[in-house]
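Peer 1: Here is a sequence together with a model predicted from it:
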Amino acid sequence: MRRFTTTIAVAALAICAQARADDGPASTAAAPAPTDAAKPPTAPAASRWKIAVGPGVYLAPAYPGARRFKLYPFPALDISYDDRFFSQGPDVLGVNVLRAENYHVGTALTFDFQSRNASDDPHLHGLGDVHDGPKLKLFADYTVWAFTGSFALLQDIAGNGQGLTASADLYASLPVTGWLFSVGPGLTWASAAYTRKLFGVSPAQSAASGLPAYSAGAGVRDVHVTFYASHDFTKHWAGSLNTTLGRLQGDAAHSPITERHTELTAFAALNYKF
């Protein structure tokens with residue numbers, strides 16, 4: 001979520017800079033000093049708070065590698081203070097430790113919905129459940145003109161055995177009156193602990209489920225393309241859609257648990273901006 005906030009800000013700066021250039025050089029003639037009656041009123045100081053809340057819905061595979069999907073209602077929060085502290089999407093609480101107009105470096109407490117229940121599909125019986133939980137996220141993003149690069153590390157801190165994942169993405173963004181579009185490629189790397197937990201089959205699990213034993217290790221989990229669009233319907237109401245289409249790779253793709261190599265996730269939200 002942080003990447004889109006950064007992109008919007010930089011795109012706006014670029015548009016403003018172009019507008020100033022189109023206006024041409026300023027006149028050198030001195031303007032008469034306004035009288036007290038003619039002086040414009042002082043503009044109120046901009047609030048350091050940015051608050052937008054509303055309903056959202058999240059679509060994802062029932063479990064990594066599943067052929068079926070699940071739909072989750074999810075609150076759509078976009079709250080920040082002084083571009084320092086924030087709560088956005090799955091990032092429940094985060095802080096930009098370093099920040100400027102074109103970059104952020106920080107950490108967040110986040111969720112990524114990586115879980116699996118034996119009841120999700122008949123062929124999972126005997127594998128046991130894999131629970132999701134909070135993860136510690138370290139992130140960085142940097143924007144140059146219309147392009148934003150981002151990197152994120154997610155570490156399981158709930159003791160669910162999901163290890164570490166790392167993602168890298170590159171986005172190109174285009175602001176159009178009332179709209180913002182972003183699209184770009186990326187990839188996800190996963191540690192051996194993550195891949196064993198979600199895609200491996202131990203000898204004991206093999207005996208209980210009938211699936212062949214499968215040893216999974218660290219490597220590239222998927223390659224993907226992400227598309228984002230947002231639109232300001234009014235001064236206060238805005239909608240957004242964030243969709244990622246991925247393709248499982250390596251041990252994740254070859255696992256006997258995996259039924260579909262293509263993964264689609266989507267998050268749609270309607271926000272009221274205060």
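Peer 2: Now that the structure is in, tell me what you want to look at.

Peer 1: can you map out the helices along this protein?
Peer 2: 2-23, 192-199, 203-209, 250-254 (DSSP state H).

Peer 1: can you tell me which of those the model trusts least?
Peer 2: Note on these: helix 2-23 shows the lowest mean pLDDT, a mean of 40.

Peer 1: okay, now Pro212: neighbour count?
Peer 2: Using other Cβ atoms under 10 Å, Pro212 is surrounded by 9 other residues. From N, CA and C alone the C-beta is placed, and that goes for glycine too.

Peer 1: which residues touch the nearest residue to it once chain neighbours are set aside?
Peer 2: In space, and not counting its chain neighbours, Pro212 is closest to Pro256: 5.5 Å by Cβ to Cβ, 6 or more residues apart in numbering. Contacts for Pro256 (Cβ atoms under 8 Å, 6 or more residues apart in numbering) come out as Val201, Leu211, Pro212, Tyr214.

Peer 1: most neighbours, which of those?
Peer 2: Val201 (21 neighbours).

Peer 1: my guess is that residue contacts Gly210, does it?
Peer 2: No. In this structure Val201 lies outside contact range of Gly210 using Cβ atoms under 8 Å: 10.1 Å.

Peer 1: Just the contacts of Pro256: which are in strands?
Peer 2: With DSSP state E as the criterion, strands contain none of the contacts of Pro256.

Peer 1: Tell me which residues of stretch 60-69 come out buried.
Peer 2: By 16 or more other Cβ atoms under 10 Å, the buried positions in stretch 60-69 come out as Ala60, Pro61, Ala62, Tyr63, Pro64, Gly65, Ala66.

Peer 1: for stretch 156-172, same thing?
Peer 2: Quick answer for stretch 156-172 (16+ other Cβ under 10 Å): Asp156, Asn160, Gln162, Gly163, Leu164, Thr165, Ala166, Ser167, Asp169, Tyr171.

Peer 1: and Ser150, what does it touch?
Peer 2: Contacts of Ser150 (Cβ under 8 Å, 6+ apart): Arg2, Arg3, Phe139, Ala140, Asp141, Tyr142, Ala168, Asp169, Leu170, Tyr171.

Peer 1: possible to save the residues you listed as TSV with distance to Leu98?
Peer 2: Listed next are the contacts of Ser150 as TSV, based on distance: Cβ to Cβ, whole Å:
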residue	distance to Leu98
Arg2	12
Arg3	15
Phe139	11
Ala140	8
Asp141	11
Tyr142	11
Ala168	19
Asp169	19
Leu170	20
Tyr171	20
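
Peer 1: Give me the lowest-pLDDT entry from those.
Peer 2: Lowest pLDDT among the contacts of Ser150: Arg3, 40.

Peer 1: Could you give the average pLDDT over stretch 230-241?
Peer 2: The average of the pLDDT scores along stretch 230-241 is 96.

Peer 1: re earlier: can you name the two of the buried residues of stretch 156-172 that are farthest apart?
Peer 2: The most widely separated members of the buried residues of stretch 156-172 are Asn160 and Tyr171, with 29.9 Å between them, by Cβ to Cβ.

Peer 1: any weak-confidence spans in this protein?
Peer 2: 1-45 (pLDDT under 70).

Peer 1: Show me where it has its strands.
Peer 2: Counting by DSSP E, the strands of the chain are 49-61, 69-81, 85-88, 91-100, 103-110, 135-144, 147-156, 164-176, 179-190, 219-232, 237-248, 262-273.

Peer 1: For Gly128, find the nearest of those strands.
Peer 2: Checking those against Gly128 by Cβ to Cβ gives strand 147-156 as the closest, at 16.5 Å.

Peer 1: what about stretch 132-145, distance to the chain center?
Peer 2: 8 Å (Cα atoms, centre = their mean, to the nearest Å).

Peer 1: quick one: contacts of that stretch?
Peer 2: Here stretch 132-145 makes contact (Cβ under 8 Å, 6+ apart) with 2-3, 6-7, 10, 14, 91-92, 94, 102-115, 148-160, 162.

Peer 1: From the residues you listed, list the buried ones, please.
Peer 2: By 16+ other Cβ under 10 Å, the contacts of stretch 132-145 give 2-3, 6-7, 10, 91, 94, 102-112, 114-115, 148-150, 152-154, 156, 160, 162 as buried.
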